[in-house]
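Colleague: After the sequence you'll find the predicted model.
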Amino acid sequence: MQRNNKEFLFQNLKILDGVGVKISKYLKKKNIEQIVDLLWNFPYSNTDRSNLVKINELEIGKICTIKIIPEKYNFPRIRNLPKKVIARDETGVIDLIFFNSYETYIKKILPINKTVIISGKINYYKKRYQIVNPAYITEEKNLDYVRQDIPKYSLTEGINEKIYRKIISQVLERLPSFDEWLDKEILDQNNFDGWKNSLTFIHKNTKEKLDLNSNQYKRLVFDEILANSINLLLNKKKFKIKKKPKSFSLNLQNTLLSKLKFELTADQKNVINEINSDLKSPFKMFRLLQGDVGSGKTIVAILAALNVVEAGYQAAFMAPTEILAKQHFNLFKSLSKEMSIKSELITGKTPTATKKGIYEKIANGEINLIFGTHALFQSKTIFKKLGLAVIDEQHKFGVKQRREFSNKGGANCDIVLMSATPIPRTMMMSMYGDLDVSRIISKPSNRKNILTLGKVSSKIKEIYQLIQKKINTNEQVFWVCPLIEESKKIDHQSVKVRFDHLNKIFKNEVGVIHGAMSPEDKNTVLLNFLTKKIKVLVSTTVIEVGIDFPDATLIIIEDAHKFGLAQLHQLRGRVGRGDKESICILLFKNDLSENAKKRISILKESNDGFYIAEKDLHLRGYGDLIGFKQSGEKIFKLADPNIHESLFKQNEQYIKLLEKKRDDLDKFNDLLKIFKKSEVLK
C-alpha cells in the first residue's frame, strides 16, 4: 500500500473497504463522492465510551460501556419481532434487544457464559435496563478499542457510526503528505500545525464539540480561503487581456457635468478617475462598481460611456428588465440634449421592424450608445466597434451571459459590472478577487435620509390614515409582504389577501405585483405605478432595486422580522428617491424580539448599506446574506467571516503580496486540487 499516494484522495470512494454501491449512494446524499470529500465532513462532537460501569451504575439516556455475560436467548417464533438476549454482571441484569438481526449472528457475537464488552445507549423498559442494537460488541481483550472517545459525525440514513468510523479510519491511515504551501511566517504567526496533522487532529477530536477556534481548524480555514483567493487571482491573470488604449480628452464628460444641477460626490469623482485610467490602460478592464441604492452609480457609468464614444467606440448599457433599461435611457436623453450622441433603446418589446433598423445602425456604427435588456447580446446584435459594456445589477446575469456580452466587443471592449447589493468588506476578496472593485459609499447631497419606524400591527389604523394623507398629496406608497416560502403560490396568496383588504379601503388606488405574474404583467403594473395610475402598490420583493419612483415616499414592510437587515435596507431604498421626505415603517405582528430591536436600531442610526451589510453578517451569518442567497450556494465549507474575520484580512494581505511579488503560483497546485478549485479554473 502506497503511504504517500496523493492521487488516493481524488479516487472514487468504492476503492475503500466497506464502500459498495449502496454506501456510496448514501454518502452522495451528503455530497461525498471522492475520498477528499470525506476529509471536510468533520466530527461535530465525540461519543464518550471511556467509562466502564456496572449494571447498577447505568444512567438512562447515556452511552455506556459495560462488561457482561450473556446467559439466555429469547428468540420469538413470530417473524419481525425483536430478538432478546438476557445478560448480567455481579450487580444486575440487562436486556440486549436486536431488530433485523439473524439468530446465528447474535449467537456468534454473544456466546452464552462468555464475557463480552458492550457499548450503547441505555434505555429502561419494564423495570429492566436495556440496550437496543448495541453500537459495539466485542471480546474482552478489545476493551481499550471500545473505550476510546469516538468522534461523532453528521451521518445520513443508512450509515451508522461503526461503518463510518471504519471508512474514515482507512482514509486517515493513508492520508498523504504534501509539500508545505504556506510561508513559514504565516505558520509561525498563527501557530499553525501542518496540513496533515491538522486534519488528523480534528478527525480524532476528543472534545465535546468541534472547536472552530483551534489552531488546527483555523489552519484548514486559512487554506480554504487561500485556495479560493488563488483561484480568483489565477482567473484575473488568465483574463489579463491586452487591448488598444482608448484616447479621449474628457470633452463630452465635462460638457455633461456642466449640465448637472448637482456636483458629483468625492466617491463618484474617484470612481470615474479609476474607470478612465482603466480605459486608457493597455489591458482590458474588468471592474465591479459597487454602490448603495441611490448612490449615483448610473451617472458614473454614463460619463464613462461618453469618454468611450469620444475615443471613437460604441458603448452598451444592459439592464435586467425593460423598465430599468428604459429608465437609464430616459436619464441619458434628458442629460444629453444638444449633444451629438446618437443613442437608442432595444428591449424584447421593441417592434420587429424597429429592431431591424436599430440592428443595422449598431452594425454600421451609426448608434454611439445603446441601452437594452438581454436583447443586446443576442446573435443578431453585431457591433461595429464596441468599446465599453456596462452591465447593471450584475448578479442577475450568469457568468456565461456576461462572457457572451463582453466577447461582442472582443479584446478592446472594457467591462463595468454594477451592483447595488452591498457586500461586507470581509467577503469582497472571496467573491470578487478576480475583478478590480470600486465603491461609492457617500450619497448625493440632494438625497434625504429616510425616517425608519417600527410599529406593531395593532396600530395598523394609524398607517391607513398616513396612506390616505399620501394619496391626498399625490404621493405614492409601497406595501411589501414577505415571501413566506420559496413558493409562488404562497407568495401570491399573501399579497392577494393584503391587496383585497387595502383595495376595500382605498378603492381604485391599489395595484398588486407578485412572483407568479408573467414579466409582461409585472411590467404593466410597474408602468401604471410609475405613471401614477395607481397610488398604492402591494408587492413581494420582486420590485426592481434600481427603479426610480420619485413620488413614492412611504414603504410599509409587513412581518419585517422575516427579512434580514440588508434586505430591509434595500427595500427601504425604494422610497426617498425624489426630493420629498420619506418614511419606512417596519410592521410586526407582536412586540419586537431582541434581535428585531437591534435591527430597527441599526436601520435608524444608518443609511449606509455597507455598514448595514457588515452588521447583517454579524447578526445572521454569511449564509443568509443577499448575495449568497441569490447565487444559491455558499463559497466556503469551513470558513465563516463572522468567526474568522482576522484570517480573511490576513489572507487579503497575503494575496496582495503574492500579486505584487509576482510569485510563481505553482506551489499552490495541490491546495487548489484539494479544494477542487483547479476544476473551476479549467
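Modeller: Alright, I've got the coordinates.

Colleague: can you give me the helices in the stretch 251-400 of the chain?
Modeller: Taking DSSP state H, counting those that start in this stretch to define them, one finds helices in the stretch 251-400 of the chain at 251-259, 266-280, 297-310, 322-335, 352-363, 399-407.

Colleague: Pairing partners for the strand or helix carrying residue 454, with directions?
Modeller: Per DSSP states H and E: residue 454 is located in strand 450-456. Partners of strand 450-456 in the sheet, by DSSP bridges, are strand 582-588 (parallel).

Colleague: Tell me which helix or strand comes right after the partner strand.
Modeller: helix 594-605.

Colleague: orientation of that next one relative to strand 582-588 in degrees?
Modeller: Between helix 594-605 and strand 582-588, the angle formed by their directions is 180 degrees, by axes from the mean of the first three to the mean of the last three Cα atoms, to 10 degrees.

Colleague: Numbering from 5 from now on, please.
Modeller: From this message on, residue numbering opens at 5, which makes the last subject helix 598-609.

Colleague: May I see the buried residues of helix 598-609?
Modeller: When neighbours are counted by 16 or more other Cβ atoms under 10 Å, the buried residues of helix 598-609 are found to be 600, 603-604, 606-607. Yep, even glycine has a C-beta here, placed from its N, CA and C like the rest.

Colleague: picking that back up, I'd like the next helix or strand past the strand holding residue 458.
Modeller: The element immediately downstream of strand 454-460 (helix or strand, assigned by DSSP H and E) is helix 464-476.

Colleague: helices and strands around that next one, which ones?
Modeller: strand 480-484, strand 556-562, strand 586-592 (3 or more Cβ pairs under 8 Å, 6 or more residues apart in numbering; DSSP states H and E).

Colleague: Please tabulate those strands in a markdown table and include mean pLDDT and distance to residue 529 as additional columns.
Modeller: Rendered in a markdown table, the data for these read as follows (pLDDT from 0 to 100; distance: least, Cβ to Cβ, whole Å):
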| stretch | mean pLDDT | distance to residue 529 |
| --- | --- | --- |
| strand 480-484 | 93 | 12 |
| strand 556-562 | 92 | 14 |
| strand 586-592 | 89 | 21 |
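
Colleague: Redo those strands as JSON lines? Include mean neighbour count.
Modeller: Rendered in JSON lines, the data for the helices and strands packed on helix 464-476 read as follows (neighbours: other Cβ atoms under 10 Å):
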{"stretch": "strand 480-484", "mean neighbour count": "25"}
{"stretch": "strand 556-562", "mean neighbour count": "24"}
{"stretch": "strand 586-592", "mean neighbour count": "22"}
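
Colleague: So which of these is nearest residue 313?
Modeller: Of all the helices and strands packed on helix 464-476, it is strand 556-562 that lies closest to residue 313, at 33.0 Å by Cβ to Cβ.

Colleague: what is the rounded mean pLDDT of the helix or strand following that closest one?
Modeller: Note on strand 556-562: by DSSP H and E, the next helix or strand toward the C-terminus is helix 569-576. Averaged across helix 569-576, the pLDDT comes to 84.

Colleague: Please state the offset of helix 569-576 from the chain centre?
Modeller: Counting by Cα atoms, centre = their mean, to the nearest Å, helix 569-576 is centred 16 Å from the centre of its parent chain.

Colleague: okay, now residue 323: neighbour count?
Modeller: Applying other Cβ atoms under 10 Å, we find 29 residues neighbouring residue 323.

Colleague: List the contacts of it.
Modeller: Applying Cβ atoms under 8 Å, 6 or more residues apart in numbering, we find residue 323 in contact with 329, 331-332, 375-377, 396-397, 550.

Colleague: Name the nearest of those residues relative to residue 218.
Modeller: For residue 218, the closest of the contacts of residue 323 turns out to be residue 397, at 40.9 Å, with distances computed as Cβ to Cβ.

Colleague: In this structure the closest one contacts residue 423, no?
Modeller: Yes: the criterion here is Cβ atoms under 8 Å, and residue 397 meets it with residue 423 at 6.7 Å.

Colleague: higher neighbour count, those two?
Modeller: More neighbours sit around residue 423 than around the other of residue 397 and residue 423, counting by other Cβ under 10 Å; the figures are 22 against 19.

Colleague: separation between the more buried one and residue 621?
Modeller: Using Cβ to Cβ, to the nearest Å, one gets 17 Å for the distance from residue 423 to residue 621.

Colleague: Now do the SS call for the spatially closest residue to residue 57 that is not a sequence neighbour.
Modeller: In space, not counting the residues next to it along the chain, residue 57 is nearest to residue 68; the distance is 5.5 Å by Cβ to Cβ, 6 or more residues apart in numbering. For residue 68, the reduced secondary structure class is strand; criterion used: DSSP: H, G, I helix; E, B strand; the rest coil.

Colleague: picking that back up, what's the least confident stretch among the helices of the stretch 255-404 of the chain?
Modeller: Least confident of the helices of the stretch 255-404 of the chain, judged by mean pLDDT, is helix 403-411 with a mean of 62.

Colleague: Beyond that helix, next helix or strand please.
Modeller: Past helix 403-411, heading to the C-terminal end, the next element that is a helix or strand (DSSP H and E) is strand 418-423.

Colleague: export that following strand as CSV, just CAs?
Modeller: This file holds the C-alpha atoms of strand 418-423, laid out as CSV (Å, rounded to 0.1, in the frame of the first residue of the first chain):
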residue,chain,number,x,y,z
ASP,A,418,-13.9,47.1,-21.5
ILE,A,419,-16.4,45.8,-18.9
VAL,A,420,-18.0,47.5,-15.9
LEU,A,421,-20.4,45.4,-13.7
MET,A,422,-22.7,47.4,-11.4
SER,A,423,-24.3,46.1,-8.3
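
Colleague: And the contacts of that strand?
Modeller: With contact meaning Cβ under 8 Å, 6+ apart, strand 418-423 is reached by 247, 250, 279, 282-283, 288-295, 301-302, 305, 308, 312, 391-399, 406, 410, 439.

Colleague: thinking again about what came up before, the helices of the stretch 255-404 of the chain: which one's closest to residue 132?
Modeller: For these, proximity to residue 132 was assessed by Cβ to Cβ; helix 403-411 is nearest, at 63.2 Å.

Colleague: Now do the helix or strand that contains residue 615 and helix 569-576, the angle between them.
Modeller: Of the helices and strands defined by DSSP H and E, residue 615 is found in helix 613-624. Between the axis of helix 613-624 and that of helix 569-576 there is an angle of 140 degrees, by the same axes, to 10 degrees.

Colleague: and helix 613-624, which residues are buried?
Modeller: By neighbour count, and taking 16+ other Cβ under 10 Å as the criterion, the buried residues in helix 613-624 are 613-621, 623-624.

Colleague: Distance of residue 526 relative to residue 355?
Modeller: Where residue 355 is concerned, residue 526 sits at a distance of 21 Å (Cβ to Cβ).

Colleague: Mind checking which of the two has more residues around it?
Modeller: residue 526 (20 against 8).

Colleague: which residue sits closest to that one, ignoring its sequence neighbours?
Modeller: Leaving aside its sequence neighbours, residue 526 sits nearest to residue 517 (Cβ to Cβ, 6+ apart; 5.6 Å).

Colleague: Let me know the outermost residue of the protein.
Modeller: The outermost residue of the chain, judged by C-alpha distance from the chain's mean C-alpha position using Cα atoms, centre = their mean, is residue 117 at 59.2 Å.

Colleague: ok, for it, nearest residue in space, not its chain neighbours?
Modeller: Of all residues beyond its chain neighbours, the one nearest residue 117 is residue 73 (6.1 Å), with distances taken as Cβ to Cβ, 6+ apart.

Colleague: hang on, the one you found packs against residue 119?
Modeller: Yes: taking contact to mean Cβ under 8 Å, the distance of 5.5 Å between residue 73 and residue 119 places them in contact.

Colleague: Drop anything exposed from the contacts of strand 418-423.
Modeller: In terms of neighbour count (16+ other Cβ under 10 Å), the buried residues within the contacts of strand 418-423 are 247, 250, 279, 282-283, 288-295, 301-302, 305, 308, 312, 391-399, 406, 410, 439.

Colleague: Quick check, pLDDT for residue 462.
Modeller: For residue 462, pLDDT reads 83.
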